[in-house]
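> sharing a model prediction with you, sequence too.
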Amino acid sequence: MQILAEAEELPKATNIKTQLVALWIAAASALILLVAFIAFPGFWPPMSPELTADQVASFYRDHTAWIRFSMVTFNLCGIMLLPFFCVVVVQMKRMATQSQVFAYCYLSAVVSGATLFALADIFYAAAAFRPGRDPDLILLLNDLGWMVFIAPVGMIVAQNLMLALAVYHDNGPNPVFPRWVGHLSLLTLFAMVPSACAVVMTNGPLAWDGPVSFWLRNGAFATFTIVMFFVVRAAIHRQAIEEGVAR
Amino acid sequence: MSTTVLSASGGDPVAPHAAPASKRDLWIVFWIFPIFFGLFGVIFVLLARVIPPPRPDVTTDQKVQWFAAHATTIQIGFAAVCVVFGGAAIANGYVAYQMKRMSSGPTFAYAYMGSMAVGTLPGLMLVALCFLAATLRPGRQPRIIALLYDLGMLSFNGSLGCFATGYLAFAIAILYDKNAIFPKWLAYVSIWQIVTEVIATQMWVSSAGPYSWNGSIAFWLAVIVFGFWLNCQGICLKLATDRQPAGSRPLD
């Protein structure tokens, strides 16, 4: 996209530029988070809830360095995705034929959801801080880390529901997002809901290491976020052209 | 009121394209408010057993027994919370949205949204996590189960400032508002909510009696005021939705 020279200093051009900056911060952070995801030994394979306290404690003892590296990285870069979701809010506020109510509720859910993600890595990292701690306490921190990371999907449910409803109510001549974004948003929501069972199950597909609660949930969220990156980028470009800021 | 709101929507660059809108989007979000708080009541009272609260003045063994006796319903209730607690964000987001239509400026609308979004974690999710961690492995050491019992109950009943800030923001915004989005008396009810939060500070130093986390003053008085306030807020939200002109947007 080429910002027109005559529009360069206008506030509406700055609005486009800051949205693009937020988008690329998210893209860079997502790559770093992928590295952290690959580097965390507890994900390959995901740690079973059936491990004993001694097994969990020795896991943290044997992999201390990699656990610290990945959790510090999650800690530093996880919330860097937040600006991306704020761009979604900005785009939702542009939607025609609606009152912007979905955008406000979406923002409210995004903020609460992000605090949970910020909490999960604290538990894992605290367990790795003193691997010599009483194994029962390491097990407790590990349980809390896994539960917070996998199970409380309610805020994503809320934000994807608000996004889908907003898309379905965007009936103007120039919809901000294509209609299939609403369907994808709901599909992602349904793929992630079953992982709430991870707080109860200790084995099987719904346990936190299971294919549904771990791989389907995280795969769905990652795929949705990547697709939304391109959807949002295209929406910003359309906004720039509609507002006469770019060609 | 309508003059102000319409002039605001007239200033919006997208509004001229907007077709005469229905208010269906507002009503969908509005109905999430009573549905969420209804579910919240059922889950916290009947399933998770944190209202009425379990006693603070019991031994470690009694705490372990309490979890053993209610493990199944705690697990069902709090697993359900993991799915539906986003309803709190939508309900609070909708209140903030209506506050954004007030003539009192966006400051306290944002403050309400922010403080309630922060409060969701210590005030709602942490107790669920503590109790789920306790029930996931009943064979944990009793002293760890007892810690989760205290941590869960204190975070649930003892998260005061997030909500006090939200109520204060709500009350101030209503009192300054000239668009009559919410009635002035709702602001005064909200101030009583702040008073109950201040009284509830005593549960952090009192492990038995009326000022403890299950006490008649620190807990039950607060719950009664909260129940009254929440119903008033829901009704006023319904009236505000009724009066909002179709196709209008909040002030910038």
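Received it, and whenever you're ready, just let me know what you need.
> where in chain A is pLDDT low?
The model of chain A has pLDDT under 70 over residues A:97.
> what about the helices in it?
Taking DSSP state H as the test, the helices found in chain A are A:11-39, A:53-62, A:64-77, A:82-93, A:101-129, A:135-150, A:154-168, A:180-192, A:217-242.
> now the third one and helix A:53-62, what's the angle there?
In this case it means helix A:64-77. Between the axis of helix A:64-77 and that of helix A:53-62 there is an angle of 80 degrees, by axes from the mean of the first three to the mean of the last three CA atoms, to 10 degrees.
> and whatever residue of chain B ends up closest to chain A, backbone torsions?
Closest to chain A within chain B is B:Gly86: 2.6 Å, counting by CB to the nearest CB. To be clear about C-beta, it is placed using only N, CA and C from the backbone, and glycine gets the same treatment. Dihedral pair for B:Gly86: phi -60, psi -20, per degrees, to the nearest 10.
> quick check: it touching A:Pro152?
No. With contact defined as CB atoms under 8 Å, B:Gly86 does not reach A:Pro152; the gap is 9.1 Å.
> now do the shared contacts for these two.
Counting by CB atoms under 8 Å, 6 or more residues apart in numbering or on different chains, B:Gly86 and A:Pro152 have no common neighbour.
> picking up where we left off before, out of the helices of chain A, nearest to B:Tyr176?
Proximity to B:Tyr176, assessed across the helices of chain A by CB to CB, is greatest for helix A:101-129 (19.7 Å).
> quick one: low-confidence parts of chain B?
Short version for chain B, where the test is pLDDT under 70: B:1-21.
> give me that answer again for 50
Scanning chain B for pLDDT under 50 picks out B:1-17, B:20.
> now A:Ile79: how far from A:Ala246?
As judged by CB to CB, to the nearest Å, A:Ile79 and A:Ala246 stand 30 Å apart.
> of the two, which one has the most company?
The residue with more neighbours, out of A:Ile79 and A:Ala246, is A:Ala246; 18 against 14, by other CB atoms under 10 Å in any protein chain shown.
> test my guess that the more buried one contacts A:Met1.
Yes. Using CB under 8 Å, A:Ala246 is in contact with A:Met1, at 5.0 Å.
> spit out the residues that contact those two alike.
A:237, A:240.
> now the helices of chain A as a markdown table including distance to chain B and mean neighbour count?
Conversion of the helices of chain A to a markdown table gives the following (distance: least, CB to the nearest CB, whole Å; neighbours: other CB atoms under 10 Å in any protein chain shown):
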| stretch | distance to chain B | mean neighbour count |
| --- | --- | --- |
| helix A:11-39 | 9 | 16 |
| helix A:53-62 | 9 | 18 |
| helix A:64-77 | 16 | 18 |
| helix A:82-93 | 9 | 21 |
| helix A:101-129 | 3 | 23 |
| helix A:135-150 | 5 | 23 |
| helix A:154-168 | 3 | 26 |
| helix A:180-192 | 9 | 19 |
| helix A:217-242 | 9 | 17 |
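> of those, which is nearest B:Phe44?
helix A:154-168 (14.5 Å).
> quick one: that closest one to helix A:180-192, angle?
Inter-element angle recorded for helix A:154-168 and helix A:180-192: 160 degrees (by the same axes, to 10 degrees).
> how distant is helix A:154-168 from the center of its chain?
On the basis of CA atoms, centre = their mean, to the nearest Å, helix A:154-168 sits 14 Å off its chain's mean C-alpha point.
> CA atoms of that helix as PDB?
C-alpha atoms of helix A:154-168 as PDB (Å, rounded to 0.1, in the frame of the first residue of the first chain):
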ATOM      1  CA  GLY A 154     -14.600 -18.000  28.200                       C
ATOM      2  CA  MET A 155     -13.100 -14.700  27.100                       C
ATOM      3  CA  ILE A 156     -12.200 -16.100  23.700                       C
ATOM      4  CA  VAL A 157     -15.800 -17.400  23.500                       C
ATOM      5  CA  ALA A 158     -17.100 -13.900  24.300                       C
ATOM      6  CA  GLN A 159     -14.800 -12.100  21.900                       C
ATOM      7  CA  ASN A 160     -15.400 -14.400  18.900                       C
ATOM      8  CA  LEU A 161     -19.100 -14.300  19.600                       C
ATOM      9  CA  MET A 162     -19.000 -10.500  19.500                       C
ATOM     10  CA  LEU A 163     -16.900 -10.500  16.300                       C
ATOM     11  CA  ALA A 164     -19.200 -12.900  14.500                       C
ATOM     12  CA  LEU A 165     -22.300 -11.000  15.500                       C
ATOM     13  CA  ALA A 166     -20.700  -7.700  14.400                       C
ATOM     14  CA  VAL A 167     -19.800  -9.200  11.000                       C
ATOM     15  CA  TYR A 168     -23.400 -10.600  10.600                       C
END
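> great, nothing more from me.
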